[in-house]
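Chemist: Have a look at this prediction, sequence included:
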Amino acid sequence: MNGTSVVQYNTVDVGGVDVFYRSAGASTALMTILLLHGFPASSFQFRNLIPLLAPKYRVIAPDLPGFGFTNVPQALNYNYTFDNLANTTQAFVNTLGLKQFAVYVFDYGAPVGFRLATSKPDQILAIISQSGNAYVEGLVPSFWDPFEAYWNSSSVFDPTLSSPQAQNMLPFLSEGVTQFQYTAGVPKAKLPRIDPAAYTLDSSLL
């Protein structure tokens, strides 16, 4: 592994949010790639990808607010909407001085990355999408109906999570459901390839 492939771990203040991020690669690299993780993960999900990209690219992978090691002080009364996540991410790239970059979006990171692209298209050199949905039609009703009921309820910003709609969402934050997202559909013979550290860390940092 050469020097540019070594991953560094830093935190930067972005409007009162302490954004944790992983980075590797030279600042003079061919291109900067911003990696945006999915739910319920963090930049940890890119731990094996970053060293592969770093010899050619500058790679930056933040933990979105509400995930991983990024810290959001309770006093901020932060609203965890995709609009706000995108605003924080845009402020993050501004703080790092990124003028143009490619964005790699996965799952939950897609609505964030797509908002960056639509608000400031000149800064986006490329979009790489893995399981990133851009349309309501991509949400299967049988699975997403409970989520939509919560999104459309008046209690969506209630931090106490006391409403029936919010209570219906809580099981999706359980360790069992997090593990399920890693193991569902995986052939039994390949289950030993799944590192339990990944879903255990995801669950503990939610």
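Modeler: Sure thing, it's come through. Numbering: from 1, shown residues only.
Chemist: would you list every one of the strands in the chain?
Modeler: Taking DSSP state E, the strands of the chain run over residues 8-14, 17-24, 32-36, 58-62, 101-106, 124-130.
Chemist: Would you mind finding the longest helix in the protein?
Modeler: Using DSSP state H to define each element, the chain has its longest helix at helix 82-95.
Chemist: Can you mark which positions in it are buried?
Modeler: By neighbour count on 16 or more other CB atoms under 10 Å, the buried set for helix 82-95 is 85-90, 92-93. Bear in mind the C-beta positions are built from the backbone N, C-alpha and C, glycine included.
Chemist: what's next to that helix, contact-wise?
Modeler: Helix 82-95 has contacts (CB atoms under 8 Å, 6 or more residues apart in numbering) with 12-15, 17, 19, 21, 34, 36, 62, 64-66, 78, 101, 111-112, 115-116, 119-120, 123.
Chemist: Just the buried residues out of those residues, in ChimeraX syntax.
Modeler: Paste this into ChimeraX to select the buried members of those, with burial taken from 16+ other CB under 10 Å:
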select :14,17,19,21,34,36,62,64,65,66,78,101,111,112,115,116,123
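Chemist: How far away from the center of its chain is stretch 160-174?
Modeler: From the chain centre to the centre of stretch 160-174 is a distance of 21 Å (CA atoms, centre = their mean, to the nearest Å).
Chemist: Tell me how confident the model is about it, as a mean pLDDT.
Modeler: Mean pLDDT, stretch 160-174: 85.
Chemist: Buried residues, it. List them.
Modeler: 165-166.
Chemist: So for that stretch, first residue to last residue, what's the gap.
Modeler: Start-to-end span of stretch 160-174 (CA to CA, to the nearest Å) is 17 Å.
Chemist: Grab the most central residue of the chain for me.
Modeler: Nearest to the mean C-alpha position of the chain, by CA atoms, centre = their mean, lies H37 at 3.0 Å.
Chemist: Let's see the pLDDT reported for that residue.
Modeler: Listed pLDDT for H37 reads 98.
Chemist: Can you give me every residue that contacts it?
Modeler: Residues near H37 by CB under 8 Å, 6+ apart: 43-46, 61, 63-64, 67-68, 106-109.
Chemist: repeat that for 7 Å
Modeler: Counting by CB atoms under 7 Å, 6 or more residues apart in numbering, H37 touches 43, 45-46, 64, 67, 106, 109.
Chemist: is it possible to export the strands of the chain to a markdown table including distance to F143?
Modeler: Output for the strands of the chain, formatted as a markdown table (distance: least, CB to CB, whole Å):
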| stretch | distance to F143 |
| --- | --- |
| strand 8-14 | 33 |
| strand 17-24 | 30 |
| strand 32-36 | 22 |
| strand 58-62 | 27 |
| strand 101-106 | 18 |
| strand 124-130 | 19 |
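Chemist: Out of the ones you listed, which is closest to Q74?
Modeler: Nearest to Q74 among the strands of the chain is strand 17-24; the distance by CB to CB comes to 11.8 Å.
Chemist: Next, the angle strand 32-36 makes with that closest one.
Modeler: In terms of direction (axes from the mean of the first three to the mean of the last three CA atoms, to 10 degrees), strand 17-24 departs from strand 32-36 by 130 degrees.
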